[in-house]
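Asks: attaching a predicted model along with its sequence, questions to come.
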Amino acid sequence: MYYHNVHIFKLGENSWSIQWKSVPSRSLLLFLLAVKKNLAKEFDAEIIHTYTEILLKYVTIDSLSGNTIEDRFREIIKATIPQEDQKTRVHRIPVCYESLFGDDLDAYLEKTSLTLNQLIELHTKPLYTVYFMGFLPGFPYLEGLDKRLHIERKSIPSQNVKKGSVAIGGKQTGIYPQDSPGGWYTIGHSPSILFDVSKKQPSPFKAGDAIQFYAIDAKEYQRIKNQALTETVFPILEEEDER
Amino acid sequence: MKDSIQIERTGFYTTIQDQGRFGYAHLGIPESGVMDKKAMQLANTLVNNSLNEAVLEYTLVGPSIQFLCDRHFVITGGNTIATLDAKTIKNNTVYKGRKGQILELTKITEGCRGYFAIAGGMQSPSVLESKSMYVPITKSKTIQKGASIPVGISLYGAIKGARLKIEKETAIVSYLKEEDLITYKGPEYDLLDEKLRADISKKTFTISKLWNRMAIQLEDTIAHKIPSITTGPVIPGTVQLTPSGRMMILMQDCQTTGGYPRILQLSESAMNVLAQKKQDDTVSFLLTS
């Protein structure tokens, strides 16, 4: 399990990094999330996690009776039991797999020698796991892309990838909550809103959630897009039993 | 009408900043906040604000501000040439701006970033619990010409004896000349070999033309063969080593995750020193543990 091979590192004056020398996996993710929850109960800090690491930023310590903070982290990790049999939240995200803004779909199909139908089938089939958010506000790091869809990143990044763009780069797929530069191939567009600062929860996604894409045509894209002008249209959220 | 000030001229990259946005990093939202916390806290203390009250941060050239109410104010940080209704005023000294008066902040002659704090603080809207400007969290990236910014109720002079004992002017600004950055090891420091470690602690590095609120990149390269890492968390002050051998020091508006080895971590005091550095200035790392 994940109680061993834990490396604790003090970062600067008041931050700590806890690293697991393991390969990223869904079971490690669920363990990290459970550890994170237990750490948050005890430490007033900003806590970020990625694939194999938890970082506590600006830790304020009230009292640590006789213990070093590192010992306390280890105790918390040891006492953590990952939750099982929980329901998975699944976000269903509509995607129009067309070059609506003259982007990279044709170049992508040519490079991978796939047909549009094959791309849609392979891209909409998996349930992708949200590992964490980073890079941009609300940008989810997803795992689960089919090998046949892997492609080397573009040699020259695009300066303006449009908000809602669904893209593939390397072994990863992602969706842009805002306009941004980016080096991945844009293969489609979602009309859904993926980040809204006026909401108490600005992002619909949480680490551990699943995402599934479904194909829509340009007409449906426009309909949802119009609806999103007046209300926050987050993707559809459903609950499913743990896979 | 609410008490306010009006921006007549914006200066260069002038933003409203408090100490930053906390509790949202797990959503990929940068911390933001002032680059030089020391100067900002001094400014707020001098006008008897709470330490997290929002201030204006400007870069190399300050803004021109018209007072639409009577209010005490102060400028701190990089040494700024300043006039109030054409009369020269000093840095780190509280003055009272009168309704209709114009404060002209022009060139910073020493340092890089200046701070304008007003008694009562800037009362621009908070987004996700902070007033710090960062697109797309806030609508604008910088303050706009003609904008009027509401200010809060002044507590200046309200509590006698709470007035700060000011250090001598020379002591306040001595860090502007500082070039040593007190630095800790980063999580991937161990990947550096002896020679690289020696290079980093002995060499003097020059600030490249890439210096902004997201990151400050150093000009001089150090050759290495350290591979990229699995994307890990990063925070302001993290020093990343790019594949081309450039050191990239992450600043307040940095992302929350990154894939380059994190070789060093700046101390809080080094962040203040570095906030006052611009292109072609030099720094060196003083490694501590």
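Replies: Looks like it arrived, so ask away. Residues are numbered from 1 along each chain as shown, chains lettered A, B, ... in the order given.

Asks: got a list of what the closest residue to residue A:101 other than its chain neighbours touches?
Replies: Take residue A:101 and drop its neighbours on the chain: the residue closest to it by C-beta to C-beta, 6 or more residues apart in numbering or on different chains is residue A:162, 5.7 Å away. To be clear about C-beta, it is placed using only N, CA and C from the backbone, and glycine gets the same treatment. Residue A:162 makes contact with A:101, A:103, A:176, A:179, A:186, A:189, according to C-beta atoms under 8 Å, 6 or more residues apart in numbering or on different chains.

Asks: how far off centre is the host helix or strand of residue B:116?
Replies: Using DSSP states H and E, residue B:116 falls within strand B:102-118. For strand B:102-118, the separation from the chain centroid amounts to 12 Å (computed by C-alpha atoms, centre = their mean, to the nearest Å).

Asks: residues of it that come out buried?
Replies: By 16 or more other C-beta atoms under 10 Å in any protein chain shown, the buried positions in strand B:102-118 come out as B:102-106, B:108, B:111-118.

Asks: same check on stretch A:227-241?
Replies: So stretch A:227-241, judged by 16+ other C-beta under 10 Å, has buried residues A:228, A:233, A:234, A:235.

Asks: what of stretch A:20-31?
Replies: For stretch A:20-31, burial by neighbour count (16+ other C-beta under 10 Å) applies to A:20, A:22, A:24, A:28, A:29, A:30, A:31.

Asks: same check on stretch B:74-93?
Replies: B:74, B:75, B:76, B:77, B:78, B:79, B:80, B:82, B:84, B:89, B:91, B:92.

Asks: ok, now which ones touch the third one?
Replies: For residue B:76, the contacting residues are B:39, B:40, B:42, B:43, B:46, B:91, B:92, B:114, B:115, B:117, B:172, by C-beta under 8 Å, 6+ apart.

Asks: measure it to residue B:115 for me?
Replies: Distance, residue B:76 to residue B:115, by C-beta to C-beta, to the nearest Å: 5 Å.

Asks: ok, the first one next?
Replies: Separation of residue B:74 from residue B:115 (C-beta to C-beta): 8 Å.

Asks: who touches both of these two?
Replies: Common neighbours of residue B:74 and residue B:115 (C-beta under 8 Å, 6+ apart) are residue B:43.

Asks: now do the helices in the stretch 1-150 of chain B.
Replies: B:37-46 (DSSP state H, counting those that start in this stretch).

Asks: er, chain A actually
Replies: A:26-42, A:69-78, A:105-112, A:116-124, A:218-230 (DSSP state H).

Asks: residue A:139 is nearest to which of the ones you listed?
Replies: helix A:26-42 (16.9 Å; C-beta to C-beta).

Asks: got the CA coordinates for that closest one in PDB?
Replies: C-alpha atoms of helix A:26-42 as PDB (Å, rounded to 0.1, in the frame of the first residue of the first chain):
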ATOM      1  CA  ARG A  26      -6.400   5.800  -9.400                       C
ATOM      2  CA  SER A  27      -5.900   3.900  -6.100                       C
ATOM      3  CA  LEU A  28      -3.000   6.300  -5.200                       C
ATOM      4  CA  LEU A  29      -5.200   9.200  -6.100                       C
ATOM      5  CA  LEU A  30      -8.000   8.000  -3.800                       C
ATOM      6  CA  PHE A  31      -5.400   7.500  -1.000                       C
ATOM      7  CA  LEU A  32      -4.000  11.000  -1.500                       C
ATOM      8  CA  LEU A  33      -7.400  12.500  -1.300                       C
ATOM      9  CA  ALA A  34      -8.100  10.700   1.900                       C
ATOM     10  CA  VAL A  35      -4.800  11.900   3.400                       C
ATOM     11  CA  LYS A  36      -5.500  15.400   2.200                       C
ATOM     12  CA  LYS A  37      -8.800  15.400   4.000                       C
ATOM     13  CA  ASN A  38      -7.200  14.300   7.200                       C
ATOM     14  CA  LEU A  39      -4.400  16.800   6.900                       C
ATOM     15  CA  ALA A  40      -7.000  19.600   6.400                       C
ATOM     16  CA  LYS A  41      -8.800  18.600   9.700                       C
ATOM     17  CA  GLU A  42      -5.600  19.300  11.600                       C
END
